[in-house]
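*Asks:* give me the fold of what follows.
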Amino acid sequence: MIKTITWDILLSAGTFFATSAIIGLVIERIVLRRLAALAHRTSWEGDEIVITSLKGLTFYTFLLVGLYGATLRLPLDEKTQHLADRGILVVLLLLATVLMMRLAAGFVSHYAKKAVLPSTSIFSNLAKAIAFSVGILIILQSLGISITPILTALGVGGLAVALALQDTLSNLFSGLHIIATRQIRQGDYIRLGSGEEGYVTDITWRNTLIRALPNNMVLIPNSKLASAIVTNFHLPETEMAVLVQVGVSYDSDLEKVEQTTVDVAQGLLREVQGGVSGFDPFVRYHTFADFSINFTVILRCHEYVDQYLLKHEFVKRLHRRYLAEGIEIPFPIRTVQLKGTEG
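*Replies:* Residues are numbered from 1 along each chain as shown. Next up is the predicted model:
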């Protein structure tokens, strides 16, 4: 027999629900913040991942606890109580699934930075997908739905799915291959044989994202990148040579040209940001051209983008120094001789 709902029962249920909500709010707004401040002082970063994952979930968890306690105080019939218990259990398992997804993604990203594999979204997304799949299976099992036929159907349909998602799976495994070989890493500056170049910002399950110098984003399918000819300007190290082509007049004293040019280059590397100050620049003559004797000046910068400022400053300084030293930088001259015609 169902009891009559009285004001005392409603007040008791409401009080329990409100108290649980207040406790959840206090834990969310005060306790977790203080725990986060303490976690910053510890050497292990895992506690920060746990606290960050709990944010936004503790309040709703205590709401569910309060709702469950309130339903126990209300005179509900057996069927209604059973439905309420099932609903609360499903929502609680969903919150637990979200927590596991956050923890999995956080710890995978954290330990990937210290291990062989770089920190990219492809691993965190895979960890989230696995945690979500396990959570859904647990929810179905808790509702009395047998997961064995589902797993069997997934196994049988796996071949059809693999055929339908051929390109997607190709990009996925190509992305894993790119990350595992560490020949292209997050933050590297690369150039493809087709001309695209920029900084690698992320390697996802489908594309590799490259931020070009004009601040545009280039999306390259992982399968295309894995089979492309790629120049990585950050391997084996970020430092690289900067080659500047110069030409001087045939009347120039080449010993003086070399000494003057090296002197300008040494001052440049010491004073300009991006130059490797400990590197000794040098000159190599290589061509008797039509109007000049050409040579290459070899400088060195810390990374790829530093070369633009070095070249900019070097051209200005070298031009000013050549003018002061009387060294001529020739420009093309064409002499035309006209034969006169006999009258």
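*Asks:* low pLDDT regions in the stretch 101-250 of the chain?
*Replies:* For the stretch 101-250 of the chain, the stretches flagged by pLDDT under 70 are 112-120, 150-151, 153-165.
*Asks:* go again using 90 as the cut-off
*Replies:* 101-187, 202-206, 226-227, 235 (pLDDT under 90).
*Asks:* can you show me the strands along it?
*Replies:* Ranges of strands in the stretch 101-250 of the chain, per DSSP state E, counting those that start in this stretch, are 189-192, 197-203, 207-211, 217-221, 230-232, 240-248.
*Asks:* redo those as TSV? Include distance to residue 26 and mean neighbour count.
*Replies:* No exception for glycine: its C-beta is placed from N, CA and C like everyone else's. Converted to TSV, the strands of the stretch 101-250 of the chain look like this (distance: least, Cβ to Cβ, whole Å; neighbours: other Cβ atoms under 10 Å):
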stretch	distance to residue 26	mean neighbour count
strand 189-192	49	19
strand 197-203	38	19
strand 207-211	41	21
strand 217-221	43	15
strand 230-232	52	14
strand 240-248	56	17
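*Asks:* right, and those strands - which one's nearest residue 37?
*Replies:* strand 197-203 (30.3 Å; Cβ to Cβ).
*Asks:* as TSV, the strands of the stretch 101-250 of the chain with distance to residue 310 would be great.
*Replies:* TSV is the format used below for those (distance: least, Cβ to Cβ, whole Å):
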stretch	distance to residue 310
strand 189-192	16
strand 197-203	18
strand 207-211	22
strand 217-221	25
strand 230-232	19
strand 240-248	6
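*Asks:* let me know the helix or strand that residue 260 is in.
*Replies:* Per DSSP states H and E, residue 260 falls inside helix 254-271.
*Asks:* how far does that helix sit from its chain's centre?
*Replies:* 40 Å (Cα atoms, centre = their mean, to the nearest Å).
*Asks:* just the C-alphas of the next helix or strand after that helix, formatted as PDB.
*Replies:* Remark: after helix 254-271, the chain's next helix or strand is strand 282-288, criterion DSSP H and E. What follows is strand 282-288 as a C-alpha-only set of coordinates in PDB (Å, rounded to 0.1, in the frame of the first residue of the first chain):
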ATOM      1  CA  PHE A 282      83.200  31.800 -44.100                       C
ATOM      2  CA  VAL A 283      83.200  32.600 -47.800                       C
ATOM      3  CA  ARG A 284      83.500  30.200 -50.800                       C
ATOM      4  CA  TYR A 285      84.100  31.600 -54.200                       C
ATOM      5  CA  HIS A 286      82.600  29.400 -56.900                       C
ATOM      6  CA  THR A 287      81.800  31.200 -60.300                       C
ATOM      7  CA  PHE A 288      83.300  33.400 -62.900                       C
END
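*Asks:* quick check: next helix or strand after strand 282-288?
*Replies:* Criterion used, DSSP H and E; the element after strand 282-288 is strand 293-301.
*Asks:* need the CA coordinates for the following helix or strand past that next one. PDB is fine.
*Replies:* Once strand 293-301 ends, the next helix or strand along the chain (criterion: DSSP H and E) is helix 306-325. The C-alpha coordinates for helix 306-325 follow below in PDB (Å, rounded to 0.1, in the frame of the first residue of the first chain):
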ATOM      1  CA  ASP A 306      65.700  33.200 -38.100                       C
ATOM      2  CA  GLN A 307      67.300  33.200 -41.500                       C
ATOM      3  CA  TYR A 308      65.000  35.900 -42.800                       C
ATOM      4  CA  LEU A 309      66.200  38.500 -40.300                       C
ATOM      5  CA  LEU A 310      69.800  37.400 -40.700                       C
ATOM      6  CA  LYS A 311      69.700  37.800 -44.500                       C
ATOM      7  CA  HIS A 312      67.900  41.200 -44.100                       C
ATOM      8  CA  GLU A 313      70.500  42.600 -41.800                       C
ATOM      9  CA  PHE A 314      73.400  41.100 -43.600                       C
ATOM     10  CA  VAL A 315      72.400  42.600 -47.000                       C
ATOM     11  CA  LYS A 316      72.100  46.100 -45.400                       C
ATOM     12  CA  ARG A 317      75.400  45.900 -43.400                       C
ATOM     13  CA  LEU A 318      77.400  44.300 -46.300                       C
ATOM     14  CA  HIS A 319      76.200  47.000 -48.800                       C
ATOM     15  CA  ARG A 320      77.100  49.800 -46.400                       C
ATOM     16  CA  ARG A 321      80.500  48.200 -45.700                       C
ATOM     17  CA  TYR A 322      81.300  47.600 -49.400                       C
ATOM     18  CA  LEU A 323      80.500  51.300 -50.100                       C
ATOM     19  CA  ALA A 324      82.900  52.400 -47.300                       C
ATOM     20  CA  GLU A 325      85.700  50.000 -48.500                       C
END
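*Asks:* could you check the angle helix 254-271 makes with helix 306-325?
*Replies:* 130 degrees (axes from the mean of the first three to the mean of the last three Cα atoms, to 10 degrees).
*Asks:* and helix 306-325, how far from the chain's centre?
*Replies:* 36 Å.
*Asks:* buried residues in that helix?
*Replies:* 306-307, 310-311, 313-314, 317-318, 322, 325 (16 or more other Cβ atoms under 10 Å).
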